[in-house]
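J.: Quick one, structure for this:
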Amino acid sequence: MNRTRLSSLEAFGLRNQRNRIYPALEASDGSTLSLDFTQMSSLDSRFTFSSSSTPSVQASTATYINSQGLVRYADHNLFTNTAWLGSTLPTNWNLLIGTGTITWNANGSVTMTAATSQRPAINHSTITSINPGMPHTFGYLATGVSGSPQISQIISSNIAGEIYAINGVTVASSTVVQSNDVVSCTFTPTTNNVTARIGPGSTGPQSDMSVTASRPQFNIGSSLQLYAANTSTTARYQAPRFDYSPTTLTARGLLIEGSATNLATRSDDFNTSFSDGSQWSPSSYTSGILSTTLPDGTNGDARRISIASGSGSFRSQTITVTANTSYTWSFWARNNGGSQARYRVWNVTAGSSIVDYTLSDSNYVSLIGGAGNTSSTWVRVSVRFTTPAGCTGVYVYPCSSDSGSVDLLVWGAQLEAGSGASSYIPTGAATVTRAADRLTMSNIALMQWNQTAGTFLWDMDVQAETNTSSFPAFAGMYRAGPVRVIRFQLNNSSSTTPRIGSGTWTATPSSIVTDSLYTRPVETPFKAAVAFANTGQSMTYCINGTVQTTVTGTGTLATPTLFLMHQDPSAADTEYFPIHLRRLKYWPTNLSSSDLRSITT
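T.: Predicted coordinates:
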């Protein structure tokens, strides 16, 4: 299983493929593509996984719920070209000063030796687009050390306030590093362009010491992730996310989402101490911090909002929005003994409530342990609203009240367009956009594609309605152009029950457009199968054991060259719902209606 490993020693486990997804065992039922995303083992080279054509956009912002029920960052590496298998300076890496001896060992490591007052250190040249105000951590495996170097002498950033760790344990900057230690440096950048330094002389000239480094890793967060090897010189590593239910911890499958932007800044800590427009504002409430276990599993400071009685509020600064648009305001909360906890959304433009705190539904205290109780369980609170005509700015409040006691902890603020909360996107001083997830099979011969007949099966759910497109595509066969050969779509004509459907073929381009619709509630798993034949242009569609429709059309089925999940290149990649994909299967034959009922029951 792709479980989160808590030991920093394991942060450098073997991972030698980038942008891959995990397969299941192939079935013996005649299918030529059979993936089960609840049972992960070795890597599958047929599909690639990325966050659009520029995976670097998502690498710092993708989260998911892991097998411990905690919100976690997806595995990623902001360093590119980390294999270091050559004997010369690798692309994207620089000599920091260059004095001393630097030897690339052609085995994934580099040895840097300082004789007398020398600075043999290296740095990565393309660490940009960093979000100020968010913690970042980088590190490496010191496979060989001589001369008793202190940790601050062999690793540093160009930002003050560094926190050092050896093998995952925080240490003083003067701690001596031993051979085979994993060293790391955590810092919070104040700029979007940083320098991560590795080797003796990272902070100044050194003497009589040597370090051999390998497996360089750089990720968002306050601790070092699993080492994710990256052979690309242009794109950061981004891993797929295998999600779990936060309550039952059962596998929900591969999490696939469209693009989203978190408009709420300082999301981890609801920080009130800044004056740059990113801070949160308390009124009459005591706004402190409490050290505790956070929803991401780390020990850190949550924002504590409290008042013994009377009126008070805690809100964002003005957030720019678009009028007549659906949004979702979400955050994690825990009761710390208060009698109420009320959210609110305020129309700054008109000076009136969009979601009023006096409404009975606005008091979410029962969700977080009940009045007067304390709770060790974090709950994600989600508020959907639509901006009125003319509204261009809002305040969002995790709490606002005029009576009773308030004492709660909050973490993880998110405001995004759409009628549903997507996975959490951490922010610092600025908003952050998560790029859309994509799965691509560019060589369909590997799935033994049959041009004349075939059947697809999906076991999945729809998490939320997060866009305004009428018929978002979630899978399809395409050819260069791009031309939609077969496109399978979802429908969001209802805000609470996204639908799934298919229909007739058209001649130019050859494609399937939505015709028959079948409704499934949000977050409810369903199985859908589509059998099609080029002869007669026929299609049979079945959901949960019931044949929904059989349709025929005109035109000729084009020859595809790509199988795509969660992307439609002819629609500018804008048509998405967040889904969990449990299973994906393909048969190079047109299965009968009875077979469709059997495989979807």
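
J.: can we go C-alpha only for contacts and neighbour counts from here?
T.: Noted.

J.: and the one helix or strand Val383 maps to, what's its mean pLDDT?
T.: Val383 is part of strand 379-386 when elements are defined by DSSP states H and E. For strand 379-386, mean pLDDT is 96.

J.: got the angle for the helix or strand that it is followed by vs strand 379-386?
T.: Using DSSP H and E, the next helix or strand after strand 379-386 towards the C-terminus is strand 393-397. Taking axes from the mean of the first three to the mean of the last three CA atoms, to 10 degrees, strand 393-397 and strand 379-386 form an angle of 150 degrees between their directions.

J.: Would you mark the buried spots in the helix ranked longest in the chain?
T.: As assigned by DSSP state H, the longest helix anywhere in the chain is helix 593-600. Counting neighbours by 16 or more other CA atoms under 10 Å, one finds that the buried residues in helix 593-600 are Ser593, Leu596, Arg597, Ile599, Thr600.

J.: quick one: which of the residues you listed is nearest Thr325?
T.: Nearest to Thr325 among these, counting by CA to CA, is Thr600 at 36.2 Å.

J.: wait, doesn't the closest one sit right on Ile543?
T.: Yes: Thr600 is within contact range of Ile543, at 6.2 Å (criterion: CA atoms under 8 Å).

J.: contact partners of the longest helix of the chain?
T.: When contacts are taken as CA atoms under 8 Å, 6 or more residues apart in numbering, the neighbours of helix 593-600 outside the stretch itself are 457, 527-531, 540, 542-547.

J.: buried subset of those residues?
T.: Those of the contacts of helix 593-600 that meet the buried threshold are 457, 527-531, 540, 542-547, by 16+ other CA under 10 Å.

J.: so of the residues you listed, which ones are in strands?
T.: When DSSP state E defines the strands, the subset of the buried ones among the contacts of helix 593-600 inside them is Leu457, Lys527, Ala528, Ala529, Val530, Ala531, Thr540, Cys542, Ile543, Thr546, Val547.

J.: Quick check: the first one touching Leu584?
T.: Yes: with the criterion set as CA under 8 Å, Leu457 and Leu584 qualify as a contacting pair; they are 5.8 Å apart.

J.: if we can go back for a sec, for the strand holding Val383, which positions count as buried?
T.: For strand 379-386, the buried set under the neighbour-count rule, 16+ other CA under 10 Å, comprises Val379, Arg380, Val381, Ser382, Val383, Arg384, Phe385, Thr386.

J.: do stretch 295-315 as well
T.: Within stretch 295-315, the residues scored as buried using 16+ other CA under 10 Å are 295-296, 300-307, 309, 311-315.

J.: Also stretch 345-359?
T.: With the criterion 16+ other CA under 10 Å, stretch 345-359 contains buried residues Val345, Trp346, Asn347, Val348, Ile354, Val355, Asp356, Tyr357.

J.: what's the neighbour count on Thr91?
T.: With neighbours defined by other CA atoms under 10 Å, the count for Thr91 comes to 15.

J.: Name the SS class of it, please.
T.: State at Thr91, reduced to three classes by DSSP: H, G, I helix; E, B strand; the rest coil: coil.

J.: From Thr113, how far off is it?
T.: If you measure Thr91 against Thr113 using CA to CA, to the nearest Å, the figure is 21 Å.

J.: thinking again about what came up before, which ones among the buried residues of stretch 295-315 lie within strands?
T.: Using DSSP E, Gly300, Asp301, Ala302, Arg303, Arg304, Ile305, Ser306, Ile307, Gly312, Ser313, Phe314, Arg315 are the members of the buried residues of stretch 295-315 that sit in strands.

J.: Closest to Glu416 out of these?
T.: Looking at those and their distance to Glu416, the nearest is Arg315, at 16.1 Å (CA to CA).

J.: does the closest residue in space to Pro525 that isn't next to it in sequence have beta-bridge partners, and which?
T.: Of all residues beyond its chain neighbours, the one nearest Pro525 is Asp461 (4.4 Å), with distances taken as CA to CA, 6 or more residues apart in numbering. Bridge pairing for Asp461 (DSSP bridges) gives the partners His580.

J.: and Leu293, how many neighbours does it have?
T.: No Leu there; residue 293 is Thr. The criterion is other CA under 10 Å. On that basis, Thr293 has 15 neighbouring residues.

J.: so what's it up against?
T.: The contact partners of Thr293, by CA under 8 Å, 6+ apart, come to Asn299, Gly300.

J.: go with 10 Å
T.: Under the criterion of CA atoms under 10 Å, 6 or more residues apart in numbering, the contact partners of Thr293 comprise Asn299, Gly300, Asp301, Ala302, Ser376, Thr377, Trp378.

J.: Nearest to Ser284 among those?
T.: Comparing every one of these with Ser284 (CA to CA), the shortest separation belongs to Ala302, at 18.9 Å.

J.: the helices in the protein, which residues?
T.: For the chain, the helices identified by DSSP H occupy 151-154, 593-600, in order along the chain.

J.: Can you redo those as JSON lines, where the extra columns are mean pLDDT?
T.: As requested, these are arranged in JSON lines below (pLDDT from 0 to 100):
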{"stretch": "helix 151-154", "mean pLDDT": "97"}
{"stretch": "helix 593-600", "mean pLDDT": "95"}
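
J.: of those helices, which approaches Pro189 most closely?
T.: Relative to Pro189, the nearest member of these by CA to CA is helix 151-154, separated by 17.5 Å.
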